[in-house]
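Enquirer: Return a 3D structure for these sequence lines:
(2 chains)
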Number of protein chains: 2
Amino acid sequence: MAKKTKHAISPTREEDYPEWYQQVVRSGDLAENSPVRGCMVIKPWGWGIWENMQRVLDGMFKATGHENAYFPLFIPMSFLEQEAAHVEGFAKECAVVTHHRLEPHPSGGLVPAGPLEEPLIVRPTSETIIGAMYAQWVQSYRDLPILINQWANVVRWEMRTRLFLRTTEFLWQEGHTAHATEEEAQQETFQMLDVYADFAENWMAVPVIKGEKTAGERFPGAVSTLSIEAMMQDRKALQAGTSHFLGQNFARAQEIKFQDQNGQEVYAWTTSWGVSTRLIGALIMTHSDDDGLVLPPKLATKHVVILPIYRNDQQRADVLAYCERLRQALQEESFSGGPIRAWVDDRDLRGGEKNWQHVKRGVPLRVEVGPRDLSQQAVFVARRDTGEKRSYGRDEFVGCVGQMLDEMQSGLYQRALRLREQHTHRLDDREAFRDFFTPRNGEKPEIHGGFAVCPWHERAEEDPLLKELKVTVRCLPLDAEPEPGRCILTGAPSTRRAIFAKAY
Amino acid sequence: MAKKTKHAISPTREEDYPEWYQQVVRSGDLAENSPVRGCMVIKPWGWGIWENMQRVLDGMFKATGHENAYFPLFIPMSFLEQEAAHVEGFAKECAVVTHHRLEPHPSGGLVPAGPLEEPLIVRPTSETIIGAMYAQWVQSYRDLPILINQWANVVRWEMRTRLFLRTTEFLWQEGHTAHATEEEAQQETFQMLDVYADFAENWMAVPVIKGEKTAGERFPGAVSTLSIEAMMQDRKALQAGTSHFLGQNFARAQEIKFQDQNGQEVYAWTTSWGVSTRLIGALIMTHSDDDGLVLPPKLATKHVVILPIYRNDQQRADVLAYCERLRQALQEESFSGGPIRAWVDDRDLRGGEKNWQHVKRGVPLRVEVGPRDLSQQAVFVARRDTGEKRSYGRDEFVGCVGQMLDEMQSGLYQRALRLREQHTHRLDDREAFRDFFTPRNGEKPEIHGGFAVCPWHERAEEDPLLKELKVTVRCLPLDAEPEPGRCILTGAPSTRRAIFAKAY
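Expert: Below you'll find the predicted structure:
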């Protein structure tokens, strides 16, 4: 009987997928739960990924003509009430500030004091407070478009939270634009979806499907919501970014109006779009394995860790000098993600412990250097994505490190794409649909199903089978051809297919 | 009688300094008040300055071994109570979250619902929540030091607010470090003060005095607080950054303890240090003039605006092509603040209006290009700092633009330094002290006084004359020689001098 391979993460994906995820986050030093219910602490290694994401996305936003600004954390309660669907969508999960100081209680401790005349909501999203400013800024068609983004924290009081995927406080960017015409606002909505898809695929190595949300899944107050959807390793869908065409809904509620070129007073057309720290959750669940985090090199905080191995002080001096020269040589190389970031880990820790730490943190390349490598001008390299380990000539490795990282990046993308293709099925029959989303013999309840691409009619969402199976309509793919048929759930005539899946 | 010069900002500094400041902020498109009491909106032009500040400071923090992370926005009320002086300092100005949803009120509208078991405080600073995590992370001396910074928003419920200088919500960075020894923590405190002083002087062009705060001005819970103090154009002091040595106060309150190398369990030594969007206020009040904002080039969002001038379509095409080539040539140049950022402003606006907009926004160099400049291969350049305007050969200008920006940067610093030196006086006599801080005949009450460097004894702060004159002890300068004397206020024997001033 073959010996069972030992993995760094326990349980494995097969054994308990949700718990595996928590362990990858924890052992990868990415984040922890804090003493504040549902709020996380993002640790330096996790923050480094977010910093890289911010830098790349920010460059993309600027390249498409957007500027950054900053709007208040608090929203007066009355603002939230201006747009009916919007307040309906967010009222149930708001952190409400009601007092502005603390004072001693006669029996000890402190109590809230200084009640506010009007409660303030900690922003769950900023359409209303930003719209109130736009209403002041926009007088004439010459003041449009307004193309602004903000990087901010937002709060939604979630009952069940999970690190990165759903937390009470999370970090995100929210773009808010105002336009003179409907067409221009529509174009903006599509453009930003393309930016998100480009980022997901080419930086995160996460293949995504661009689509439109159905009415039931729309952003509260939007006319239409576009999203990118990715398949995780448990075959569930994860919505990784959304771009909303708000029509004139918020402009009417908030009086964002202007004189057009004919001197007529008309309402502006607005959009909003956002991605959040949830992307880190998507990245983890797309690429990681039973040994922990696997990072796409283009978003990794560091690319190469050099691990010196020695037995005595003389060896130590020689090995460290060799490592330092290697580090410098690597830092002069680059790949499609930019210059290579390498460091020497000379901490006083057992070699095995140190090595596993870097495995679990997903460092793309680990390079061991011992006394024998010096004499042979060699290095011993381990790839995090494939697990492959072998010796290279020192110069050979420096010469090909950029190419190796690029290969890893595209390899991760291809692997994720294969998984999605393997588990995406066109279904036309209600029973096949039920079977697809029901774990078969030997299948773990947590890993089964996938994307079902099925004829869809807008009343499909009311069908009780969806609730029974815990399946939702993820999106109507933008690139799908019209296709007459009968809705897989209602049997009503259908003109297109939708993607159905279980989802985060 | 000479014709009165017309200024873009009304009132001028002389006429009404506080109102002048508000007008500079507004007409420079930096920020606005929002509908939320005391909270500001930072507009794109103002945000660009903050982005530059963040980028430079972040680089300095990383170069001194710090990493970024992120901790929760909310702090449980009980955490704030752990350190007695700390809660005393912040209880009076806390935004308190007491509910987690809104529900419809029978008579219409919404009311807060879902009361929290324990109120949450929107962080006014994060020592307590970060300390709670450090207590978990630190077990052994091997886990130290922890050198972490976070970029975040904080809230202090201020009764009187002023854009950038004092707002209910503001943005800042807060460094929080934990060390094994007192000496190391002390060194960290001084090191970060040096980083702040370096940034203020070499990037903001704001000369600062490094000093220690007296007991009455210390951060709540700190053993000692260091600060950098700058003189504004109304001769008031502005505290631009602080670095706190927290001793073991927070470590004891929060149980941050570890096994030292001898196996003894001991408390860690901690520090914290921060600068905020207040720096933008300091920058405005140090350099701006009666025509509006003046920006030190090293922190300006853009350095050169090119203004095309034409009368007809043929001229337009030629002039724009010339401008675009000029822009490209400029962008290949650089100065000590990095590559030069130039843009062509071809908006459909009257030339005068457009020009004044850039004056008020403090663009360092404005370059006008008309048809005659084309034929002469010339450009007409206006410097924002001196107001000097003259024609340059096109290549001559491209060749010297970097040097010109460097001259502007050091010129602004020198001008600010001269102002400070001119209004800094060593005083030894109580009556001279009173005179110095009392507006003389012909002096505006808002612009007088300066820095009084006087013998100081620690009980000086209780003297009623300070309250009467609205003067405070700003700091005990770090570089001062010991100097025996008699306290200017109490007459008690004194060993050193302090800086007294009115302050923001």
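Enquirer: My read is that residue A:419 contacts residue A:233, right?
Expert: Yes. Using Cβ atoms under 8 Å as the test, residue A:419 is close enough to residue A:233 to be in contact (6.7 Å). In short, each C-beta sits where N, CA and C put it, glycine included.
Enquirer: and the two? which has more neighbours close in?
Expert: More crowded of residue A:419 and residue A:233, by other Cβ atoms under 10 Å in any protein chain shown: residue A:233, with 20 against 17.
Enquirer: pretty sure the more buried one contacts residue A:285?
Expert: Yes. The pair residue A:233 / residue A:285 is scored as a contact, 6.0 Å apart, by Cβ under 8 Å.
Enquirer: Tell me which stretches of the stretch 51-200 of chain A form helices.
Expert: With helices called from DSSP state H, counting those that start in this stretch, the stretch 51-200 of chain A shows them at A:77-80, A:84-90, A:127-137, A:182-202.
Enquirer: In CSV: those, plus mean pLDDT and mean neighbour count.
Expert: Below are the helices of the stretch 51-200 of chain A laid out as CSV (pLDDT from 0 to 100; neighbours: other Cβ atoms under 10 Å in any protein chain shown):
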stretch, mean pLDDT, mean neighbour count
helix A:77-80, 93, 21
helix A:84-90, 87, 18
helix A:127-137, 97, 23
helix A:182-202, 98, 19
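Enquirer: Quick one: those helices as JSON lines, columns for distance to residue B:148 too.
Expert: Below are these laid out as JSON lines (distance: least, Cβ to Cβ, whole Å):
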{"stretch": "helix A:77-80", "distance to residue B:148": "35"}
{"stretch": "helix A:84-90", "distance to residue B:148": "32"}
{"stretch": "helix A:127-137", "distance to residue B:148": "30"}
{"stretch": "helix A:182-202", "distance to residue B:148": "27"}
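Enquirer: In TSV: those, plus distance to chain B.
Expert: Output for those, formatted as TSV (distance: least, Cβ to the nearest Cβ, whole Å):
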stretch	distance to chain B
helix A:77-80	6
helix A:84-90	7
helix A:127-137	6
helix A:182-202	17
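Enquirer: right, and those - which one's nearest residue A:167?
Expert: helix A:84-90 (16.1 Å; Cβ to Cβ).
Enquirer: For the closest one, output the C-alpha coordinates as PDB.
Expert: The C-alpha trace of helix A:84-90 is given here as PDB (Å, rounded to 0.1, in the frame of the first residue of the first chain):
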ATOM      1  CA  ALA A  84     -36.500  53.300  -1.900                       C
ATOM      2  CA  ALA A  85     -34.900  50.100  -3.300                       C
ATOM      3  CA  HIS A  86     -31.500  51.200  -1.900                       C
ATOM      4  CA  VAL A  87     -32.600  51.600   1.700                       C
ATOM      5  CA  GLU A  88     -34.700  48.400   1.500                       C
ATOM      6  CA  GLY A  89     -31.400  46.600   0.500                       C
ATOM      7  CA  PHE A  90     -29.200  48.000   3.200                       C
END
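Enquirer: Nearest to residue A:405, out of the helices of the stretch 51-200 of chain A?
Expert: Between the helices of the stretch 51-200 of chain A, helix A:182-202 lies closest to residue A:405; by Cβ to Cβ that is 14.0 Å.
Enquirer: Tell me the helix or strand right after the closest one.
Expert: strand A:209-212 (DSSP states H and E).
Enquirer: Following the chain past that next one, name the next helix or strand.
Expert: Per DSSP H and E, the first helix or strand lying C-terminal to strand A:209-212 is strand A:224-231.
Enquirer: Now tell me what touches that next one from outside.
Expert: Residues outside strand A:224-231 that contact it (Cβ atoms under 8 Å, 6 or more residues apart in numbering or on different chains): A:189-190, A:193, A:196-197, A:200, A:206-213, A:217-219, A:237-245, A:282, A:286, A:416, A:419-420, A:423-424, A:450-451, A:474-475, A:478, A:499, A:501.
Enquirer: which of those count as buried?
Expert: A:189, A:193, A:196-197, A:200, A:206-213, A:217-219, A:237-245, A:282, A:286, A:416, A:419-420, A:423-424, A:450-451, A:474-475, A:499, A:501 (16 or more other Cβ atoms under 10 Å in any protein chain shown).
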